[in-house]
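Peer 1: Need the 3D shape of this:
(one chain, ligands or ions: 1)
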Amino acid sequence: MADKDKSSPQTAPKSGPTRAVTAEIGTDVPFKAVTPPLYMTSTYNWLGFEQKGPYDYGRTVNPNRAGLASALCDLEGGAGGVVTASGMAAIDLVFNLFQADDLIVAPHDCYGGTHRLLTHRALQGRLRVEFVDQGDEAALSAALALKPKLVLIETPSNPLMRIIDVRAICKQAHAAGAKVICDNTFLSPARMQPIALGCDIVVHSTTKYINGHSDVVGGVAIAKDSETAEQLAWWANCCGLTGSPFDSYQTLRGLRTLYARMDIQEAHAVQLAKFLQNHPKVAHVYYPGLASDPGYKLMQAQQSGPGAMLSFELKGNKDSVGRFLASLKLYQLAASLGGIESLICHPATMTHRGMSDEAMEIAGIKESLIRISVGMEQISDQIADLETAFSET
Ligand SMILES: Cc1ncc(COP(=O)(O)O)c(C=O)c1O
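Peer 2: Next comes the predicted model:
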């Protein structure tokens with residue numbers, strides 16, 4: 001069979017699912033392997049004296065990491081990016097671009113680990129931070145009046161699934177002289193492309209939907225412009241934040257099915273949200289895919305679907321939550337999200353325990369709140385598991 005002619009003109013831009021499935025496929029030169037091989041090497045031969053090849057040292061560059069970065073930049077519409085050892089490493093990498101007295105404005109209800117990192121970096125005097133409710137226009141305007149250098153956004157927020165207007169915040173932040181970084185972990189490029197909405201940098205915990213199988217911890221930081229991408233690469237090498245070849249290989253493998261996984265998991269989440277909304281033991285459901293959700297309209301304006309994360313408040317106290325979680329058989333009681341299996345967690349004592357009680361109260365995270373990362377198990381089995389747990393609560 002004739003080799004694919006890579007120089008033939010493109011008739012139409014390929015869709016996201018096609019680009020994810022075919023990323024790096026058929027690019028192996030030495031052996032013509034369809035699937036790109038794994039390069040487990042820490043160092044590379046130089047071409048000769050004073051002649052460095054394209055790859056020299058594993059912390060700086062690796063073909064698997066480069067392939068994954070290029071696939072993710074393509075899907076996010078970025079100029080360049082760095083694959084890191086974790087999502088937190090990607091977020092901390094971006095903070096390296098700022099000076100000690102630069103102000104960062106972050107959501108008051110951001111991921112607990114990000115909240116902890118910002119709080120402790122600020123305590124060290126390595127940056128300044130202002131946590132605000134970014135859905136409150138007056139509070140956001142007041143924070144922007146302080147002339148921050150960076151605005152961090154997370155939408156939908158974790159764990160309350162609040163949606164903020166990305167286009168509007170980018171406009172306001174840029175007018176105030178700040179760059180905007182979006183943590184797109186909850187949606188993935190399959191549901192939102194923050195750079196197209198005006199953001200300067202996108203980060204992911206690729207541990208979640210991008211890898212999708214709960215067997216790798218990783219991250220990525222992607223910049224809209226190549227100058228910022230180069231700075232990110234410089235700092236990643238300088239601090240040794242880059243991801244491993246094996247993790248990159250696995251993550252690219254997972255990425256191929258991202259769109260298909262998201263379609264199924266999201267369809268399940270919609271059904272689950274409706275089931276929970278009508279359940280007598282549920283006080284409130286947080287899911288922007290419900291028409292009654294305050295974020296529904298904005299979700300439609302900036303996302304191509306609501307995603308597969310939802311939260312709900314159980315009627316009762318902390319003991320009821322404990323009994324409910326202990327009664328589940330199918331759902332795994334675990335932090336993290338975005339894998340094909342359903343995970344359930346109690347944010348107050350698990351994902352967000354790094355936040356102080358006061359910060360948690362301000363963010364609206366109650367003891368009765370439960371978060372679900374909706375998986376691919378048959379939806380009737382998921383509902384049956386929840387129904388049994390409700391009846392035993
Ligand atoms: C929204 C969000 N951002 C960042 C992270 C951190 O990612 P990692 O655990 O890969 O360091 C998480 C982890 O749960 C997350 O949920």
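Peer 1: How much space separates the closest residue to the ligand within the stretch 101-250 of the chain from Asn184?
Peer 2: Residue nearest to the ligand within the stretch 101-250 of the chain (C-beta to the nearest ligand atom): Ser205, separated by 2.9 Å. Every residue, glycine included, has its C-beta placed from N, CA and C. Using C-beta to C-beta, to the nearest Å, Ser205 is found at 10 Å from Asn184.
Peer 1: tally of neighbours for the closest residue to Phe324 other than its chain neighbours?
Peer 2: Nearest residue to Phe324 in three dimensions, chain neighbours excluded: Thr393, at 4.3 Å (C-beta to C-beta, 6 or more residues apart in numbering). Other residues lying near Thr393 total 18 when counted by other C-beta atoms under 10 Å.
Peer 1: again, but for Thr60
Peer 2: Neighbours of Thr60 using other C-beta under 10 Å come to 16.
Peer 1: from memory it sits against Trp235, does it?
Peer 2: No. Taking contacts as C-beta atoms under 8 Å, Thr60 lies outside contact range of Trp235: 11.9 Å.
Peer 1: bridging residues for Leu343?
Peer 2: Gln332, Ser373 (DSSP bridges).
Peer 1: so how far is the ligand from it?
Peer 2: 11 Å (C-beta to the nearest ligand atom, to the nearest Å).
Peer 1: Give me the pLDDT value at the residue lying closest to the residue of the stretch 101-250 of the chain closest to the ligand once chain neighbours are set aside.
Peer 2: Spatial nearest neighbour of Ser205, excluding adjacent residues (C-beta to C-beta, 6+ apart): Gly87 at 2.6 Å. Model confidence at Gly87, given as pLDDT, is 98.
Peer 1: Was I right to think Gly87 contacts Ile210?
Peer 2: No. Look at Gly87 against Ile210 with C-beta under 8 Å: they stay out of range, at 9.9 Å.
Peer 1: so what sits against both of the two?
Peer 2: The contact sets of Gly87 and Ile210 overlap at 204, 218 (C-beta atoms under 8 Å, 6 or more residues apart in numbering).
Peer 1: Check the gap between the residue nearest to Ser304 when sequence neighbours are not counted and Val61 for me.
Peer 2: Leaving aside its sequence neighbours, Ser304 sits nearest to Arg191 (C-beta to C-beta, 6+ apart; 5.4 Å). Noted for Arg191: a distance of 31 Å to Val61, by C-beta to C-beta.
Peer 1: Please say which of the two ends up with more neighbours.
Peer 2: The neighbour comparison of Arg191 against Val61 (other C-beta under 10 Å) goes to Arg191, with 23 against 16.
Peer 1: Return the residues in contact with Leu310.
Peer 2: Counting by C-beta under 8 Å, 6+ apart, Leu310 has contacts 161, 269, 272-273, 276, 285-287, 289, 371-372, 374.
Peer 1: give me the beta-bridge partners of it?
Peer 2: Beta-bridge partners of Leu310, as defined by DSSP bridges: Ile372.
Peer 1: Can you tell me how far it is from the ligand?
Peer 2: Counting by C-beta to the nearest ligand atom - Leu310 and the ligand are separated by 14 Å.
Peer 1: Around the ligand, which positions in the stretch 251-393 of the chain sit nearby?
Peer 2: When proximity is defined by C-beta under 6 Å from any ligand atom, the stretch 251-393 of the chain lies next to the ligand at Ser336.
Peer 1: Looking at the stretch 251-393 of the chain, which residue is nearest the ligand?
Peer 2: Counting by C-beta to the nearest ligand atom, the stretch 251-393 of the chain gets nearest the ligand through Ser336, at 5.8 Å.
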